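A.B. asks: What would the 3D arrangement of this be:
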Amino acid sequence: MSAPAHYRQEFDAFAAGEAAVDAEGLRALRQEAFDRFSELGFPTRKHEDWRYTNLRPLEQAAFSRSPSA
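C.D. replies: The predicted structure follows:
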């Protein structure tokens, strides 16, 4: 399972832009979290904690960052 390419593009754009001014620790935590998401993907009903939650609609949505004000 892997993160959809759309989310990778959005994360990379965020990391290159606004996140570039963040403290190094926060940037590293964001990168670590996204790397983990890329590795594992969305949880499935096979995961005990998510057994009764259908995340298929969330997986199929293409969320984007809001534009900067």
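A.B. asks: Let me know the secondary structure of the spatially closest residue to Arg51 that is not a sequence neighbour.
C.D. replies: In this structure, Arg51 finds its nearest non-sequential neighbour in Arg45, 5.4 Å apart by Cβ to Cβ, 6 or more residues apart in numbering. All C-beta atoms are positioned from the backbone trio N, CA, C, and that covers glycine. Taking DSSP: H, G, I helix; E, B strand; the rest coil as the rule, one finds Arg45 in the coil state.
A.B. asks: dump the residue contacts of Arg45.
C.D. replies: 51-54 (Cβ atoms under 8 Å, 6 or more residues apart in numbering).
A.B. asks: try 10 Å this time
C.D. replies: 51-56 (Cβ atoms under 10 Å, 6 or more residues apart in numbering).
A.B. asks: and what of Tyr7?
C.D. replies: Counting by Cβ under 10 Å, 6+ apart, Tyr7 makes contact with 34, 37-38, 41, 59, 62-64.
A.B. asks: Give the buried residues for the longest helix anywhere in the chain.
C.D. replies: Ordering each helix of the chain by length in residues (DSSP state H) puts helix 24-40 first. For helix 24-40, the neighbour count (16 or more other Cβ atoms under 10 Å) marks 34, 37 as buried.
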